[in-house]
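Q: could you look at this predicted model? Sequence included:
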Amino acid sequence: MNSLLSGLTFASALGCGLMAGVFFAFSTFVMTALSRLPAAQGIAAMQSINSTIVTTLFLFVFMVTALLSLVLGVIACFKWGTPGAIYLLAGGVLYVVGAFLVTVACNVPLNDALAAASPTSPEGAALWTCYLSDWVAWNHVRTIASLAALAAYIVALRQ
């Protein structure tokens, strides 16, 4: 693997690892802690998290990792048959589909619905119950996909 490709793969692996860690934290204890709060408090806390996260370094790392993963997937197609190409493609597909597209298609719409909810309304409380189970399920997908992409990139680097 040439040094530029190795550098891109290493950067993607780091991004996938960071994202896997963030998603893992939400799946294993953040959402559990929020679910133990009264619905109004849990909703308000998650609304605050959702409005804050898009203005932090998280969004930059999330987007750059998606872009790098897409680039690596395309490169893998052009270098098909070379050592590590299948792992580059696997890492790219896992992150772009399993983390990025799942976020856009599943988690963001749930976040948007929660943002529009009144934390103190009965409708908000009902939404919160569904939100917790649906959002966490899709977050598990993002966690596993990011971790699997990280593993694929590590194997690609070792080839």
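A: Everything's here; your move.
Q: now the helices for this protein?
A: 3-25, 31-35, 39-53, 57-78, 85-95, 102, 108-115, 122-158 (DSSP state H).
Q: just say which of the ones you listed is most tucked in.
A: Among the helices of the chain, judged by mean count of other Cβ atoms under 10 Å, the one packed with the most neighbours on average is helix 85-95 (a mean of 23). Every C-beta, even on glycine, is put in place using the N, C-alpha and C of the backbone.
Q: just how off-centre is it within its chain?
A: Between the centre of helix 85-95 and the centre of its chain there are 16 Å (Cα atoms, centre = their mean, to the nearest Å).
Q: past it, which element shows up next along the chain?
A: Using DSSP states H and E, the next helix or strand after helix 85-95 towards the C-terminus is helix 102.
Q: check which helices and strands that following helix sits against.
A: If contacts are counted by 3 or more Cβ pairs under 8 Å, 6 or more residues apart in numbering; DSSP states H and E, helix 102 sits against helix 122-158.
Q: now do stretch 79-88: everything it contacts.
A: Applying Cβ atoms under 8 Å, 6 or more residues apart in numbering, the external contacts of stretch 79-88 come out as 1, 9, 72-73, 75-77, 152-153, 155-159.
Q: tabulate the helices of the chain (JSON lines), appending mean pLDDT.
A: Shown next, in JSON lines, are these (pLDDT from 0 to 100):
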{"stretch": "helix 3-25", "mean pLDDT": "97"}
{"stretch": "helix 31-35", "mean pLDDT": "98"}
{"stretch": "helix 39-53", "mean pLDDT": "97"}
{"stretch": "helix 57-78", "mean pLDDT": "97"}
{"stretch": "helix 85-95", "mean pLDDT": "98"}
{"stretch": "helix 102", "mean pLDDT": "98"}
{"stretch": "helix 108-115", "mean pLDDT": "98"}
{"stretch": "helix 122-158", "mean pLDDT": "97"}
